[in-house]
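Engineer: model this:
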Amino acid sequence: MDFSGRPNVKSREVLREDLLSTVKAERATREAQRARRKAALVIQSYWRASKIRAAVQCKILAEWKCTYGCFLALDSRLELEHVAGAISQILWCYLPCGPEMRRKLADGDFALRITRATLLAPLRGALALALRSASSTSSSENILHASSRMPFLKLVQELLLLCVSVLALEIDDALLAKAASRFLVVATEPERWAKHPSELCCD
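Structural biologist: Residues are numbered from 1 along each chain as shown. Sure thing, here's the model as predicted:
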């Protein structure tokens, strides 16, 4: 410091650097706090969403059979809207959500939500209902005939993803694997189901 009482240039630079360092440190601390708060909110929102989804999933799986089981009878008449609604609920329960997860599923990163053997019954029912619809000789009841329309096309595509996933996971359920294999044949080789529609819902 000179005799005038003012700091020299070097001292001013040191003070400036100290001040900048303090400001940067405080800013970094605030940003870290904001990031932690945001992460906590994200975790809480995902946790709440997972709880809500799990509750809805349990309700759907519990009510599905008594609501839609009658559609599996060979002498029952099918309404495509009812079929699509019933199958969509099961797909929602078992397939990953969002376009990113669906892309991973399509790329082979299988992530079906199957944790207990008791959850396989609705999945078998959904595939049986899809086969029941695909075996219908009436174009107004056949989900494959209706796949030229976007909602049904998307549904058939998701069913195919589901079948591929079931087979890739090698789930220990012979009926489920057989249903998945049959639907893949039905959807990809139309001449097979066109000639022998009655065989699809057998055994």
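Engineer: number of nearby residues for residue 56?
Structural biologist: Close neighbours of residue 56, defined as other Cβ atoms under 10 Å, add up to 13. Bear in mind the C-beta positions are built from the backbone N, C-alpha and C, glycine included.
Engineer: How much space separates it from residue 155?
Structural biologist: Distance of residue 56 to residue 155, given as Cβ to Cβ, to the nearest Å: 19 Å.
Engineer: same deal with residue 171?
Structural biologist: Taking Cβ to Cβ, one finds residue 171 at 22 Å from residue 155.
Engineer: So for these two, which residue has more residues nearby?
Structural biologist: Using other Cβ under 10 Å as the criterion, residue 171 and residue 155 rank with residue 155 on top: 22 against 17.
Engineer: so what does whichever strand or helix holds residue 83 touch, helix or strand wise?
Structural biologist: Per DSSP states H and E, residue 83 falls inside helix 80-94. Judged by 3 or more Cβ pairs under 8 Å, 6 or more residues apart in numbering; DSSP states H and E, helix 80-94 is in contact with helix 9-68, helix 120-134, helix 150-169.
Engineer: Give the rounded mean pLDDT of that helix.
Structural biologist: Computed over helix 80-94, the mean pLDDT rounds to 78.
Engineer: Just want the angle from it to helix 150-169.
Structural biologist: Put simply, helix 80-94 runs at 40 degrees to helix 150-169, going by axes from the mean of the first three to the mean of the last three Cα atoms, to 10 degrees.
Engineer: Helix 9-68 and helix 80-94, what's the angle between them?
Structural biologist: 130 degrees.
Engineer: Helix, strand, or coil at residue 142?
Structural biologist: coil (DSSP: H, G, I helix; E, B strand; the rest coil).
Engineer: got the phi/psi numbers for it?
Structural biologist: When read as degrees, to the nearest 10, the backbone of residue 142 gives phi -90, psi 120.
Engineer: got the contact list for it?
Structural biologist: Residues in contact with residue 142, defined by Cβ atoms under 8 Å, 6 or more residues apart in numbering, are 133-134, 136.
Engineer: Which single one of those is nearest to residue 182?
Structural biologist: residue 134 (8.9 Å; Cβ to Cβ).
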